[in-house]
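Visitor: Model the following, please.
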Amino acid sequence: MIKIHFNRGKIIISMVLCFFATVVALYAWLHKDLIIKLASTVWALAAASVFYLRIQQMSRYQKGIAALTIDQDMLVNNSALKPQPIPWTDIDCFVSGLYRTSSIFIKLKDSSLLRKQKTNRLIHLLSFIDRNLSTKPARLWIDMDVINIREEELIPLLNQKLKQ
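Guide: Modelled structure (predicted):
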């Protein structure tokens with residue numbers, strides 16, 4: 001079993017950036033016209049959702065939970081909002097360089113294999129927003145921004161495990 005851990009410093013930097021983005025958006029909302037208010041509202045909501053994800057990741061880091069667990073039978077992605085165990089037999093390939101340039105997408109052989117999990121209301125709401133803004137489920141993205149391995153090292157490791 002291989003465990004790849006979160007990077008505490010990267011999570012904290014991302015949280016600070018999200019906080020400042022929200023402050024700037026709120027300032028613009030208070031002092032500008034309607035179109036700027038609408039744009040800043042969307043900006044603040046996006047920053048707040050990323051901030052919430054970072055809080056979840058920091059909580060997992062403090063509990064000693066690995067960001068990725070590469071097991072003989074499955075890959076567990078704890079870098080997503082809701083941890084996602086995915087059996088190797090369900091994975092088709094790993095794709096990088098899509099519109100989320102700092103993430104790796106786990107492409108499944110059949111998208112209906114994505115299991116429905118019960119979640120609390122806030123996670124359900126954030127997942128609803130993500131489903132309507134993205135064509136690819138957030139649970140299938142490995143967040144490279146907050147883990148202790150570079151993409152150039154992780155992709156070959158995942159592909160090697162996938163071929164076994």
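Visitor: Which of the helices or strands spans the spatially most central residue of the chain?
Guide: Ranked by distance to the mean C-alpha position of the chain (C-alpha atoms, centre = their mean), the top residue is residue 80 at 3.8 Å. Secondary structure from DSSP states H and E places residue 80 outside every helix and strand.
Visitor: is it true that it touches residue 147?
Guide: No. With contacts defined as C-beta atoms under 8 Å, residue 80 does not count as touching residue 147, sitting 11.7 Å away. For the C-beta atoms, the positions are set from N, CA and C on the backbone; glycine is no exception.
Visitor: what packs against the helix or strand where residue 35 lies?
Guide: Per DSSP H and E, residue 35 falls inside helix 34-62. Where contact means 3 or more C-beta pairs under 8 Å, 6 or more residues apart in numbering; DSSP states H and E, helix 34-62 is packed against helix 8-31, helix 121-133.
Visitor: and the ones you listed, which one's lowest on average pLDDT?
Guide: Among the helices and strands packed on helix 34-62, helix 121-133 has the lowest mean pLDDT, at a mean of 54.
Visitor: C-terminal to it, what's the next element?
Guide: Counting by DSSP H and E, the next helix or strand C-terminal to helix 121-133 is strand 141-143.
Visitor: what's the straight distance from one end of stretch 91-105 to the other?
Guide: The first and last residues of stretch 91-105 sit 11 Å apart, counting by C-alpha to C-alpha, to the nearest Å.
Visitor: and it, how far from the chain's centre?
Guide: 12 Å (C-alpha atoms, centre = their mean, to the nearest Å).
Visitor: Just the buried residues of it, please?
Guide: Within stretch 91-105, the residues scored as buried using 16 or more other C-beta atoms under 10 Å are 91, 94, 96, 100, 103-105.
Visitor: Go through those residues and say which is closest to residue 58.
Guide: Nearest to residue 58 among the buried residues of stretch 91-105 is residue 103, at 18.2 Å by C-beta to C-beta.
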